[in-house]
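Student: quick check, what structure comes out for this input:
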Amino acid sequence: MRASVRPPGRQRGAAIITAMLVVTLAAVVVSGLFWREHVAVRSVENRLALAQARWIERAALDWAKVILRADARSTGAVDHLGEAWAVPVLDTRMDETVTAGAKLDEGSKRTAMLAGQIYDAQARFNITALVDGRGAPSAPNVKALRRLLSLLGKPESAADPIVARVVQSAESIAPDGKVTPASRPPLTRLADLLDVPNLDPSVVAVLEAHAIVLPSNATRININTAGPEVLAAGIEGLDVAGARRYVSTRERTPATDLAIAATRFGGNVTLDPALLSVGSTFFLVSGVIRYDRVESQTETLLQRKNNDVEVIWQLRL
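Tutor: Alright, predicted model coming up:
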């Protein structure tokens, strides 16, 4: 028998198909390697950009601390919205001095932008102040919270579970000096109230813009920075309309003490020094940093005391 021999044309066709398959397979392998390399490089770039954004964040906080310390030295115990710390920082392009020498002229994607503002935390009602130094409910502050809830369209009875929760998180001191430890961990943010039984979540939502949880129960509402609703809640006998009139006048002439402020309300109101003050020690710093593909938004609580400023907590949103 004679062995069958394929025609030369069929052999060349099979060789071409085999070569095309090999080239295709090689292209798939190479493209996969290039893609993995691209993902790895992009991951490293993102981590570097995030680290750079953290450095800018530290620089911004250091700036806020310097501003608050300088304000304490220049104006003493009075804080108002006409001071340097209250001026917002609009979108500002950073230079190499705050990006550790990184080049910022490589296109728009490499631009570092910063925006933020310092807010007076004592412009809001402090939930922690609902208990006094002995761990018992503070009558003036409880009344103020009830008025605030009423002004915001919520029942005054909603204050009861809030007060109960704050009492549970504070040590109580008996007249004989015996200390009973707290039965619940302390509140850190207003959102912690969402776990309180029998408290409507809508109450927490409406309080967000007017209340705050500070680590000290000895703070007072700053009448130079508080909004009309908080002022009306903290000053018995004052309605929201009267508080708005005061807010419009304090922009020109902030109060330097409570006695002077009392004469500007146009009525027989008493400013309780246990509830109100003209200065603050707690401030919120809110900022947004954009660098390359990274955007970082943070909120930081600062405490100023003894000519020093320290971070109490920081939240990345």
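
Student: determine the set of other helices and strands touching the top helix by length along the chain.
Tutor: In terms of residue count, the longest helix belonging to the chain (DSSP state H) is helix 8-75. Where contact means 3 or more CB pairs under 8 Å, 6 or more residues apart in numbering; DSSP states H and E, helix 8-75 is packed against strand 112-120, strand 282-291, strand 294-305, strand 308-316. Every C-beta, even on glycine, is put in place using the N, C-alpha and C of the backbone.

Student: count of neighbours near Val78?
Tutor: 17 (other CB atoms under 10 Å).

Student: nope, Gly242 is what I meant
Tutor: The burial count for Gly242: 18, using other CB under 10 Å.

Student: element containing it?
Tutor: helix 240-250 (DSSP states H and E).

Student: ok so, going back, now do the longest helix of the chain against strand 112-120, angle only.
Tutor: Per axes from the mean of the first three to the mean of the last three CA atoms, to 10 degrees, the angle that helix 8-75 makes with strand 112-120 is 30 degrees.

Student: I'd like to know which elements whichever helix or strand comes after helix 8-75 is packed against.
Tutor: Downstream of helix 8-75, the first helix or strand assigned by DSSP H and E is strand 89-93. Packing contacts for strand 89-93, counted by 3+ CB pairs under 8 Å, 6+ apart, involve strand 112-120.

Student: describe which strands the strand it packs on pairs with in its sheet and in which direction.
Tutor: According to DSSP bridges, strand 112-120 has the following sheet partners: strand 89-93 (antiparallel), strand 282-291 (antiparallel).

Student: now the shortest one: mean pLDDT?
Tutor: When you say that, I think you mean strand 89-93. Strand 89-93 shows a mean pLDDT of 84 in the predicted model.

Student: and what of the longest one?
Tutor: pLDDT averaged over strand 282-291 equals 92, rounded to a whole number.

Student: is it true that Leu271 touches Asp257?
Tutor: No: judged on CB atoms under 8 Å, Leu271 makes no contact with Asp257 at a distance of 9.6 Å.

Student: what about those two, which has more around it?
Tutor: Neighbours per residue, other CB under 10 Å: of Leu271 and Asp257, the larger number sits with Leu271, 21 against 14.

Student: and the helix holding Gly242, what's buried?
Tutor: Buried positions in helix 240-250, judged by neighbour count with 16 or more other CB atoms under 10 Å: Gly242, Ala243, Arg245, Tyr246, Val247, Arg250.

Student: alpha carbons only: can I get it in CSV?
Tutor: Extracted as CSV, the C-alpha positions of helix 240-250 are listed here (Å, rounded to 0.1, in the frame of the first residue of the first chain):
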residue,chain,number,x,y,z
VAL,A,240,-37.3,82.6,67.7
ALA,A,241,-38.2,86.0,66.2
GLY,A,242,-36.4,87.8,69.0
ALA,A,243,-33.4,85.5,68.7
ARG,A,244,-33.2,86.2,65.0
ARG,A,245,-33.2,90.0,65.7
TYR,A,246,-30.3,89.5,68.1
VAL,A,247,-28.4,87.3,65.5
SER,A,248,-28.7,90.1,63.0
THR,A,249,-27.2,92.7,65.4
ARG,A,250,-24.4,90.6,66.9
